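Participant: please find the sequence and the predicted model below.
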Amino acid sequence: MEPAQKALMLNTGIAAQAMTLDSASIRSEFPTLNREVRDGVPLVYLDSAATSQKPRQVLEKVERFYRDCNANVHRGIHTLAEEATTQYEGARERIADFINAGAAREVIFTGNATQALNLVAQSWGRANLYKGDRIVLTEMEHHSNLVPWQMLATEKDLRIDIIPVRDDGELDQSEFDKLLRNKPKAVCITHVSNVLGTVNPLARIAEKARSVGALTVVDGAQSAPHLPVDVQALGADFFAFSGHKMCGPTGVGVLWGRAELLQLMPPFLGGGDMIKRVYLRDFEPNEIPYKFEAGTPPIGEAIGLGAAVDFLTDVGMDAIWQHEQWLIKYALERLEEFPGVTVYGPAGGVRGGVAAFTLEGVHPHDIAQVLDTSGVAVRAGHHCAMPLHDRFNLVATARASFYLYNTRDEVDELIRGLYKVKDLFG
Amino acid sequence: MEPAQKALMLNTGIAAQAMTLDSASIRSEFPTLNREVRDGVPLVYLDSAATSQKPRQVLEKVERFYRDCNANVHRGIHTLAEEATTQYEGARERIADFINAGAAREVIFTGNATQALNLVAQSWGRANLYKGDRIVLTEMEHHSNLVPWQMLATEKDLRIDIIPVRDDGELDQSEFDKLLRNKPKAVCITHVSNVLGTVNPLARIAEKARSVGALTVVDGAQSAPHLPVDVQALGADFFAFSGHKMCGPTGVGVLWGRAELLQLMPPFLGGGDMIKRVYLRDFEPNEIPYKFEAGTPPIGEAIGLGAAVDFLTDVGMDAIWQHEQWLIKYALERLEEFPGVTVYGPAGGVRGGVAAFTLEGVHPHDIAQVLDTSGVAVRAGHHCAMPLHDRFNLVATARASFYLYNTRDEVDELIRGLYKVKDLFG
Amino acid sequence: MHDMYREFILDHYKNPRFHGVLDNADITYEDDNPLCGDVIRVDLRVNGDKRVVDAAFSGQGCAISQASASMLMEEIQGKTLDEIKEYTRADILEMLGIELGPVRLKCAMLALKVLKVGAYGVQEWVED
Amino acid sequence: MHDMYREFILDHYKNPRFHGVLDNADITYEDDNPLCGDVIRVDLRVNGDKRVVDAAFSGQGCAISQASASMLMEEIQGKTLDEIKEYTRADILEMLGIELGPVRLKCAMLALKVLKVGAYGVQEWVED
Ligand SMILES: Cc1ncc(COP(=O)(O)O)c(C=O)c1O
Ligand SMILES: Cc1ncc(COP(=O)(O)O)c(C=O)c1O
């Protein structure tokens, strides 16, 4: 990584905006970004909240694993199996460092963030929640942090309380305070909203939750990729995220949980690897983290995520976050001056690099489709947050989302594309 | 695939054994097989039952996906998202063809075979089984087809009946007939044993199960990679397998189920993509197969599995099966004449390409370790089948397993390695 | 300009034909595409021969969903229910004259789906 | 020949020292490694100074697990329980004089694990 490291060094020359990343050299690490959507139309990828592009070194790491030492992990003692196990467990350690976990065994590999959240609901929730117990969700949750709790609530007859979202895209903290009086057992909350860009004040929320004896279950799918995460400093009890949104492959996600909690939880899925002993009618579960990793894990994918975390660390999570702040600030300015555009979420201040908007008189699908003709990839729809869209009386929005490889020129392309939309539908 | 196809054409010149594959050209497709375990010691990979090696075209397909059109599926309308969706759904169709599913929507992508079996237990099982109901398992099941049912049995107070394994490694059919009199609700059974190599007479078993109203849940982890599978002809109701054992990437597995069953089943995990509509306290599930695919699926991995299935189809599943028969026959001959070796499983006839054995006076771990010094990779342990090992009064066996790329020369290497073991410990 | 927004598609979107709600409709059905929030309602009046004497659609959504509803309404005036049964995805794509990716296809097919389910019940609609 | 089976390791395996079961042991503990079926039992007799006056192991398993148990028994004769507390993974690896992969490490450490858990309870054993 030596040369890449040098190439990715911060460009500190821009006076006004403090620091931004050297986009040209970062972009050169991402093969997809060189592609043309069609002849002569280069890709402007503004859909990283759905999934990020992958840097060369992640792809190479995964391919090298499959080419050189592909084997199943844990049980084998031949050379390939040992190499594979070392790489897989090494990835776990690097990911533990990345989020400042107390120990590597607190990091469980899953298929995606959604599975990680289901694990918490079905293992911790099923074992610890009883009829009439309350759990607190928010109006801005992604379906992945709503539906698992709804399923559990139906099964166990739990009550779901909702923290409302204010017009400015922030959670209503006074409502949260009221809900805490009912002594909920868990507060399940997203760190960063994938639609509004809201960055929730998690440390404060987790502290309040703890004060009434509730656990805090954090959906970190939109924070782990974009800002420095310290699960211990946040005071979270569980923290879930996906590899594919942070420069890693699809097929792998992570659940971090406090060891004391994980140790007491029953298994989630049953099968190979998650057991210590099996009899015909009974079994003894394995130690953590293996207790929660049933069957052959996503070995190549976890190793790829390890490489992604190395890549992000080398660039610097602080620098990435600042870069995105610098981009979103500009994007909000340009969008808000655009006639007929409404942007949702906090107007300024701290805000994730995502801008969901509508354009008067044009359905978001048509916006996305016409932008695609200019090579600009944005998402249109409910972004797996239907209740949040209902809250704002919307059926859909268009969403531009940014990552370390995006530039202000690309924001300009978005705006140019929107003028085309306007011309067509005006 | 044209040139590869030609290169992989069958070598029909060997008179006695009918047909075998042209190993040299097949081996050249698998980069890992060219590797040396250490200087001057080439790899002899006899651990494909744990995970198979990956052909170049699978690796290239996955890498091309990530390089060229990496995007999230289903919800996006920009060019990359459409390309990704087309590739992902195309893989589903090819896999459906590969197992002769009634329709592509009967193919559900999971993380591995284990998750697929848990899906059946937790969705179908939880909704359809009641206190006192019986399910039939076998003594040769992999932990992945035991533990999910044990967990469900504990939760719902079900009875587990076991079909015993005879000394010759075959299931005791007369015991099965007796168990059917108790009118079980499901028969959960492996197609091919990952230890004994036994190929269970599934069509007959499924027919008997059906005659008493029981469903047949098949663990196909060791059959789908090795022999032609026709889920409709087998009369199975569910059929689970893993990509990584059949030339595909880790992180992806498949559950096939009959559409009528899947449509009636409740969701398994909750989250994005598996819903049609979400409200704050309630949701409506999506159609199959999406109802069972919560969150971002293993997109690159499913596409890789699609390429693996293309590769296997081009070689020909009949030819692969015959090749393995030809290898295992020779391996059994050589092992059985080896002083002190005991091989478990059917002595002859139809048998999967796996040989689990012990060598008198040497722990299987030591066998595997010393074989590794000759570059021979075999597995040692209980192979996630502890009850089966208990049945034979064993704590562990060494296991050599074969695939389309193995040769009889490699069997000879195994035997040569075993003589080294004998010398060292004799 | 992009193919998908040919002039006549935009024209159907901006000036939809047979748009509205029929009084005394013999058949009324509404459905939506929750992925993007497209909603289409179709009202039909049929005579004794099961021939469509009047048809109208209402709803909201993207240009593709609304334009294809408008074109479809135009197309089925005077057709019998049996004739309507024969309409396929290919017919809709031909009316639109464009190719569509998997997501937009759902938008384009919504009107046909509503029409067929309304006229024959859900078993007639197999999303292929 | 492979490093892992150096002559003295095989010698300890084939001719284990301090092998057997002690009558009137002060401390007895047994555990296994279910992954491969290695089993080790350790018996200790200690005097008033908490010094080991006799130690023995029994069990079954692979050469690495049995040889490291044999070497460990030899090593701890006459040591105090406090001294035993200080033994680490590194000490075992030094006794064996080889490098081990993740799976075999479990085999090698089983005897130490049994010894320490037997002598101090499970909290002393953190698998690192
Ligand atoms: C017979 C059998 N069933 C199930 C499995 C589990 O497969 P996976 O670990 O990929 O879920 C395996 C492989 O380990 C197997 O051999
Ligand atoms: C906030 C949030 N939570 C959860 C998820 C679910 O992630 P995945 O689909 O990878 O499980 C996403 C992304 O779709 C998200 O943006």
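Facilitator: Structure's in. What do you need? Ligands and ions are numbered 1, 2, ... in the order given.
Participant: all contacts plus neighbour counts: C-alpha atoms, from now on.
Facilitator: Will do.
Participant: any idea which residue is closest to the centre of chain C?
Facilitator: Centroid-nearest residue in chain C: C:Ala111, 2.8 Å away (criterion: CA atoms, centre = their mean).
Participant: for chain A, name the helix or strand with the lowest mean pLDDT.
Facilitator: Every helix and strand of chain A was ranked by mean pLDDT, DSSP states H and E. The lowest is helix A:2-7, at a mean of 37.
Participant: run the chain-centre distance for the next helix or strand after that helix.
Facilitator: Downstream of helix A:2-7, the next assigned helix or strand under DSSP states H and E is helix A:23-27. The chain centre lies 22 Å from the centre of helix A:23-27; the measure is CA atoms, centre = their mean, to the nearest Å.
Participant: next one: stretch A:317-336
Facilitator: Offset of stretch A:317-336 from its chain centre (CA atoms, centre = their mean): 18 Å.
Participant: before we move on, what about stretch A:397-417?
Facilitator: From the chain centre to the centre of stretch A:397-417 is a distance of 19 Å (CA atoms, centre = their mean).
Participant: just the buried residues of it, please?
Facilitator: Neighbour-count burial for stretch A:397-417, counted by 16 or more other CA atoms under 10 Å in any protein chain shown, picks out A:397-407, A:410-411, A:413-415, A:417.
Participant: measure the residue nearest to the centre of chain C to chain B for me?
Facilitator: 18 Å (CA to the nearest CA, to the nearest Å).
Participant: pLDDT averaged over stretch C:110-120 - what is it?
Facilitator: Stretch C:110-120 carries an average pLDDT of 91.
Participant: can that stretch be found next to chain A?
Facilitator: No. Applying CA under 8 Å from any CA of the partner chain, one finds stretch C:110-120 out of contact with chain A, separated by at least 14.4 Å.
Participant: what does that stretch contact?
Facilitator: With contact meaning CA atoms under 8 Å, 6 or more residues apart in numbering or on different chains, stretch C:110-120 is reached by C:27-33, C:40-42, C:65, C:68-69, C:72, C:81, C:84-85, C:87, C:92, C:122-125.
Participant: now the chain, which segments are flagged as low pLDDT?
Facilitator: Went with chain A since none was named. Chain A contains residues with pLDDT under 70 at A:1-19.
Participant: that's the wrong chain, I wanted chain C
Facilitator: Where chain C drops to pLDDT under 70, the residues are C:1-2, C:122-128.
Participant: which helix is the longest one in it?
Facilitator: As assigned by DSSP state H, the longest helix anywhere in chain C is helix C:102-120.
Participant: in that one, what's buried?
Facilitator: In helix C:102-120, counting by 16+ other CA under 10 Å, buried: C:102-119.
Participant: wait, is A:Gln150 part of a strand?
Facilitator: No. Assessed with DSSP: H, G, I helix; E, B strand; the rest coil, A:Gln150 is helix; it does not lie in a strand.
Participant: so who does it touch?
Facilitator: A:160, B:281-283.
Participant: out of those, name the ones that lie in strands.
Facilitator: Among the contacts of A:Gln150, the subset assigned to strands under DSSP state E consists of A:160, B:283.
Participant: just the buried ones among the contacts of stretch C:110-120, please.
Facilitator: Judged by 16+ other CA under 10 Å, buried ones among these: C:28-33, C:40-42, C:65, C:68-69, C:72, C:81, C:84, C:92.
Participant: which residue ranges form the helices in chain C?
Facilitator: For chain C, helices defined by DSSP H occupy the ranges C:7-14, C:63-76, C:81-85, C:89-96, C:102-120.
Participant: any idea how many residues pack against A:Lys131?
Facilitator: A:Lys131 has 12 neighbouring residues, counting by other CA atoms under 10 Å in any protein chain shown.
Participant: look up how far A:Leu179 lies from it.
Facilitator: A:Lys131 sits 18 Å away from A:Leu179, taking CA to CA, to the nearest Å as the criterion.
Participant: of the contacts of A:Gln150, buried ones?
Facilitator: A:160, B:281, B:283.
Participant: just these now: which is nearest B:Gly270?
Facilitator: Of all the buried ones among the contacts of A:Gln150, B:Gly270 sits closest to B:Phe283, with 9.6 Å by CA to CA.
Participant: what's near enough to touch the closest residue to the closest one other than its chain neighbours?
Facilitator: Distances taken as CA to CA, 6 or more residues apart in numbering or on different chains place B:Arg277 nearest to B:Phe283, at 5.6 Å, with adjacent residues excluded. Shown in contact with B:Arg277 (CA under 8 Å, 6+ apart): A:386, B:283-286, C:34.
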